[in-house]
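A.B. asks: coords below, sequence missing:
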Ligand SMILES: Cc1cc2nc3c(=O)[nH]c(=O)nc-3n(C[C@H](O)[C@H](O)[C@H](O)COP(=O)(O)O)c2cc1C
């Protein structure tokens, strides 16, 4: 049986979609849906309910996630000697069961080795706990692995890391003071295993690296109505600050993109870059608030002399995950990802 014939089986499609679903997405919203046809066509659709209407009004993060899903699918297909060719982006508004069509491509057979990043698709995870400090040798490995990506700049000097992490706390706190932003964020957080979507999507207390006390506490004070009444109190920001926990053991990676680049293409590049970071033995926690807040974005753009033709896409806190502490974020079952 040829790779293409084998891929027509439901089993092969489910396995491939399950592997590709390990792609990162903002708040773990997992917008990507797939459709296969007998004529070797594959289509990517987006679930509109996975869009963040407040935090991501422009839809950039949504498209970045879809680009990351596409790139991850391409990498996973390479393990089966397959490739998506003749990719055609769809015009806006083409719907199937309420899902928006993003693109259509042809699946063909491909000669050669799988993508070198394929083994890292299932090893890549966000990590929000306290890192182990990377050694000089580990930093060199990271540098070597990502140096050809002009879009990543490593910041390892302690005072610079501290500044960036403090700015990240300020930016997050500013966003959380917007009640609608917090409501939306809260709707993707799962503080208890009893939450019906604990193991499906969003951010559960395990992947947020909250201990028993922290999860009860956060579940309480982050309730939008409660947070609204205490966000003006001076101690509130202090208790949410993350920087003091992470400064000594983290490094930061400033991620830029060509200003004119389409968000979908940024997502493809971001997925590859993150897999290279995984290959170097590092894990990361994105701090998107730093690039989303005009104030902190401008400060970092000036401080790190980001040229006009590029813009800050995100900042990653990075380091080494202590043995046994990585938690794996949940995914929607592959059956539900195929239309
Ligand atoms: C565009 C984008 C923005 C993200 N921003 C953040 C962020 O600000 N904070 C965070 O903790 N994770 C962020 N993430 C990571 C996602 O939450 C994460 O990929 C998702 O929960 C799936 O978990 P995984 O990366 O462990 O597979 C972002 C991911 C993407 C693609």
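C.D. replies: Received, thanks. Note that the structure is a prediction, hence the values are computed from the model and not measured.

A.B. asks: so where is the stretch 201-339 of the chain shaky, pLDDT-wise?
C.D. replies: Along the stretch 201-339 of the chain, segments meeting pLDDT under 70 are nowhere present.

A.B. asks: can we see that at 90?
C.D. replies: Counting by pLDDT under 90, the stretch 201-339 of the chain shows low-confidence ranges at 228, 231-240.

A.B. asks: can you give me the helices in it?
C.D. replies: 212-221, 224-230, 234-240, 243-246, 263-279, 289-292, 294-303, 334-337 (DSSP state H, counting those that start in this stretch).

A.B. asks: one more: the stretch 51-200 of the chain?
C.D. replies: Assignment of helices within the stretch 51-200 of the chain using DSSP H, counting those that start in this stretch yields the ranges 60-78, 136-146, 158-176, 179-187.

A.B. asks: can you count the residues close to the nearest residue to residue 295 once chain neighbours are set aside?
C.D. replies: Leaving aside its sequence neighbours, residue 295 sits nearest to residue 171 (CB to CB, 6 or more residues apart in numbering; 7.4 Å). The way it works is simple: take the backbone N, C-alpha and C, and place the C-beta from them, glycine included. Other residues near residue 171 number 23, with proximity taken as other CB atoms under 10 Å.

A.B. asks: any idea how far residue 171 is from the ligand?
C.D. replies: In this structure, residue 171 and the ligand are separated by 10 Å, where distance is defined by CB to the nearest ligand atom, to the nearest Å.

A.B. asks: residues contacting that residue?
C.D. replies: With contacts defined as CB atoms under 8 Å, 6 or more residues apart in numbering, the neighbours of residue 171 are 287, 289, 290, 292, 293, 295, 296.

A.B. asks: what sits against the last one?
C.D. replies: What that stands for is residue 296. Applying CB under 8 Å, 6+ apart, one finds that residue 296 lies in contact with 167, 168, 170, 171, 289, 290.

A.B. asks: who in the stretch 1-150 of the chain is up against the ligand?
C.D. replies: Taking CB under 6 Å from any ligand atom as the criterion, the stretch 1-150 of the chain approaches the ligand at residues 24, 25, 26, 27, 28, 61, 64, 65, 68, 125, 126, 128.

A.B. asks: can you tell me which of these is nearest residue 39?
C.D. replies: Nearest to residue 39 among those is residue 68, at 26.5 Å by CB to CB.

A.B. asks: what score does the closest one have for pLDDT?
C.D. replies: pLDDT, the model's per-residue confidence, is 99 for residue 68.

A.B. asks: I figured it hits residue 268, correct?
C.D. replies: Yes. Proximity of residue 68 to residue 268 meets the contact threshold set by CB atoms under 8 Å, at 6.9 Å.

A.B. asks: before we move on, the earlier item: now the helices of the stretch 51-200 of the chain as JSON lines including distance to residue 107?
C.D. replies: Supplementary listing: the helices of the stretch 51-200 of the chain in JSON lines, determined by distance: least, CB to CB, whole Å:
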{"stretch": "helix 60-78", "distance to residue 107": "7"}
{"stretch": "helix 136-146", "distance to residue 107": "30"}
{"stretch": "helix 158-176", "distance to residue 107": "40"}
{"stretch": "helix 179-187", "distance to residue 107": "36"}
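
A.B. asks: tell me the contacts of the nearest residue to residue 299 once chain neighbours are set aside?
C.D. replies: Beyond its immediate neighbours in the sequence, the residue positioned closest to residue 299 (CB to CB, 6+ apart) is residue 167, lying 6.5 Å away. Contacts of residue 167 were listed using CB under 8 Å, 6+ apart, and they are 290, 296, 299, 300.
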